[in-house]
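In: no sequence on this one, just coordinates:
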């Protein structure tokens, strides 16, 4: 990728679908201490909760503890939808789809969750787990998906491609034959870029269903 910018934390800022690049502001509006109520806390309090809970949230996610992972950020899951496919070609686009025509996947699981961040916003997070026949094919797939403008798996909750999840808040993970892809987008309100980035950093750690 040419002249690809980095965010304040040194991570690549990724814009997969040709959408206008938004500059990460570094403003944190992430979570609230109380998850049972509906009253939003101040941005400073929400930011403090998210920063303190991010590391432990990832650890909970790695163990498959979904509710616990979001709670450690002070967030609350409002809704979850899931779907499993045995073919990836019909559920992908761009160069990624052409890759699947040459290298069919073994399994595709997709999940869409809606989260209340406790600061007056809700976030949609979509995760896809793609299992390939060989580790080398999984590595090639991740390398392709991580490139700008190459397409993607069609994430659960969007149609047509790029209409909901634009690649601005994106993360991916490789684990042997498995490629995990996570994207986030505002559902209501105006969650910050940091909030959306935190969502995908945690979501990408979840094991396959």
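Out: Thanks, I have the structure now. Given the structure is predicted, the values throughout are model-derived calculations rather than measurements. Numbers count the residues shown, from 1 in each chain.
In: how about the strands of this protein, start to end?
Out: For the chain, the strands defined by DSSP state E cover 76-85, 92-93, 107-116, 122-131, 152-153, 170-175, 178-188.
In: Show me what the second one is in contact with.
Out: Okay, so that is strand 92-93. With contact meaning CB atoms under 8 Å, 6 or more residues apart in numbering, strand 92-93 is reached by 100, 151, 152, 153, 154, 161. From N, CA and C alone the C-beta is placed, and that goes for glycine too.
In: And the residues you listed, which is closest to residue 179?
Out: residue 153 (8.7 Å; CB to CB).
In: now the closest one, nearest residue through space, not along the chain?
Out: residue 128 (4.6 Å; CB to CB, 6 or more residues apart in numbering).
In: Reformat the strands of the chain as TSV; add mean pLDDT, mean neighbour count and distance to residue 196.
Out: As requested, these are exported to TSV (pLDDT from 0 to 100; neighbours: other CB atoms under 10 Å; distance: least, CB to CB, whole Å):
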stretch	mean pLDDT	mean neighbour count	distance to residue 196
strand 76-85	96	14	16
strand 92-93	95	21	22
strand 107-116	97	21	10
strand 122-131	97	24	6
strand 152-153	94	26	17
strand 170-175	97	18	10
strand 178-188	96	22	4
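In: separation between residue 198 and residue 208?
Out: 22 Å (CB to CB, to the nearest Å).
In: Let me fix that, I meant to ask about residue 122.
Out: Where residue 208 is concerned, residue 122 sits at a distance of 25 Å (CB to CB).
In: what does residue 90 give?
Out: Residue 90 sits 20 Å away from residue 208, going by CB to CB.
In: and the strands of the chain as JSON lines, adding distance to residue 59?
Out: Shown next, in JSON lines, are the strands of the chain (distance: least, CB to CB, whole Å):
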{"stretch": "strand 76-85", "distance to residue 59": "18"}
{"stretch": "strand 92-93", "distance to residue 59": "31"}
{"stretch": "strand 107-116", "distance to residue 59": "18"}
{"stretch": "strand 122-131", "distance to residue 59": "17"}
{"stretch": "strand 152-153", "distance to residue 59": "26"}
{"stretch": "strand 170-175", "distance to residue 59": "15"}
{"stretch": "strand 178-188", "distance to residue 59": "16"}
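In: what's the closest of these to residue 141?
Out: When those are compared by CB to CB, strand 178-188 sits nearest residue 141, at 5.2 Å.
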